[in-house]
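[1] pasting the structure only:
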């Protein structure tokens, strides 16, 4: 009888230990999940955020309005240098539009624009080029294109395929953005915070929001929305999250 009582006690103790261990195990899983979700929201204290955001393109990116605004502003001011083949040149007025590809036979291309008097190349040439990204059009604003080596300071060298992929991903990646929405007549503006809106003294501190579907709302509030980038100060195909 005494042994049976001890058996019951031992079994009960083991069950309690298993239950406690289970609770601790699941709490650790939840904590890790929460930590991962926190890491997915990019740290706004990181001033040099372009490479970090670039690495996340291709899947939904969780981000604050201020961080995204900082990203697109810096992204559009980076001078990229790469090499490619000239597939086609179209000249109109004072501007030349140039289709550039990774190989002579490639079916895909990057499009760049430059002043005609700076376009001293021909179809089929292997060229070096330098320019900045136009987020809205997905093209390159070329400052120079040449068969010769280009010696510019403060350039970021990038292989053609990576540049092409980056251009496509910027336009196709959805950003899940936290911010403060302000309704201004029929226009919706997204600021980083309420304080950022209250202290705003320029037109460069917010994104305008273009909704995927009709959205009728009057008022201001903290929100989270899922959008594509339209340009450096406009979001498109937005939906509430």
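    Nice, I can see it. The structure displayed is predicted, hence computed values, not measured ones.
[2] where are the low-confidence patches of this structure?
    Counting by pLDDT under 70, the chain contains low-confidence ranges at 1-48.
[3] let's see it at 90
    By pLDDT under 90, the weakly predicted segments of the chain are 1-49, 151-154, 184-186, 199-204, 214-218.
[4] now do the helices in it.
    Taking DSSP state H, the helices of the chain run over residues 2-40, 50-56, 65-75, 160-172, 194-198.
[5] and the angle from the third one to helix 160-172?
    In terms of direction (axes from the mean of the first three to the mean of the last three CA atoms, to 10 degrees), helix 65-75 departs from helix 160-172 by 140 degrees.
[6] spit out the contact partners of the residue nearest to residue 120 when sequence neighbours are not counted.
    What sits nearest to residue 120 in space, not counting adjacent residues and going by CB to CB, 6 or more residues apart in numbering, is residue 146, at 7.1 Å. The C-beta positions use only the backbone N, C-alpha and C, and glycine is treated the same way. Shown in contact with residue 146 (CB atoms under 8 Å, 6 or more residues apart in numbering): 120, 121, 127, 128, 129.
[7] what's across from residue 146 in the sheet?
    On the basis of DSSP bridges, residue 146 is bridged to residue 128.
[8] how close does residue 83 get to residue 174?
    Using CB to CB, to the nearest Å, residue 83 is found at 31 Å from residue 174.
[9] same check on residue 207?
    Taking CB to CB, one finds residue 207 at 14 Å from residue 174.
[10] same check on residue 188?
    Distance from residue 188 to residue 174, counting by CB to CB: 18 Å.
[11] higher neighbour count, the two?
    A direct count of neighbours by other CB atoms under 10 Å for residue 188 and residue 174 places residue 188 higher, at 22 against 15.
[12] beta partners for that one?
    residue 183.
[13] correct me if wrong: it contacts residue 180.
    No. The pair residue 188 / residue 180 is not scored as a contact, 11.3 Å apart, by CB atoms under 8 Å.
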